[in-house]
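K.L.:
structure for this input, please:
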Amino acid sequence: MKGKIWIDGHLMILRGREMSPQNCPYAQRHTPCGDWCPLFGEPYPHTERANPTNGLDRRMVETGQTVLMLCQTALIFDEFTDEREGGND
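P.N.:
Numbers count the residues shown, from 1 in each chain. Modelled structure (predicted):
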């Protein structure tokens, strides 16, 4: 999945060939999902266990994906850009 946080803080996800703004399903009106919401997390690198079959090996490795925590779910992106000032570009 490909996504970005637009310069104004709104979440955009690639749908077909276009980046589409995502709306909050819990807002009373047509409200974009974005960093204005206290439940909108900051993106961070996705990690997983280096050796999931060995219960004693607790090492973690980055997968190259990005996680974005939202109010009801976590989205995992293969490609992600944060276009806000100070974002990961």
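K.L.:
what's the neighbour count on R15?
P.N.:
Counted with other CB atoms under 10 Å, the neighbours of R15 add up to 11. C-betas here are computed from N, CA, C, even on glycine.
K.L.:
any idea how far it lies from C37?
P.N.:
Going from R15 to C37 by CB to CB, to the nearest Å gives 21 Å.
K.L.:
the residue nearest the centre of the chain bridge partners, please.
P.N.:
In the chain, the centroid-proximal residue (CA atoms, centre = their mean) is L68; its distance is 2.6 Å. Counting by DSSP bridges, L68 is bridged to L75.
K.L.:
does it touch P43 like I think?
P.N.:
Yes. At 4.9 Å, L68 and P43 qualify as touching, with contact defined as CB atoms under 8 Å.
K.L.:
overlap of the contact sets of those two?
P.N.:
Taking CB atoms under 8 Å, 6 or more residues apart in numbering as the contact rule, the neighbours common to L68 and P43 are 5, 77, 80.
K.L.:
could you list which of these belong to strands?
P.N.:
Per DSSP state E, strands hold the following members of those: 5, 77, 80.
K.L.:
those strands in the chain, which residues are they?
P.N.:
Using DSSP E, strands in the chain cover 2-5, 11-15, 18-21, 44-49, 60-69, 74-77, 79-82.
K.L.:
low pLDDT regions in the protein?
P.N.:
87-89 (pLDDT under 70).
K.L.:
who's in contact with L11?
P.N.:
Shown in contact with L11 (CB under 8 Å, 6+ apart): 3-5, 21-22, 32-34, 40, 68, 70.
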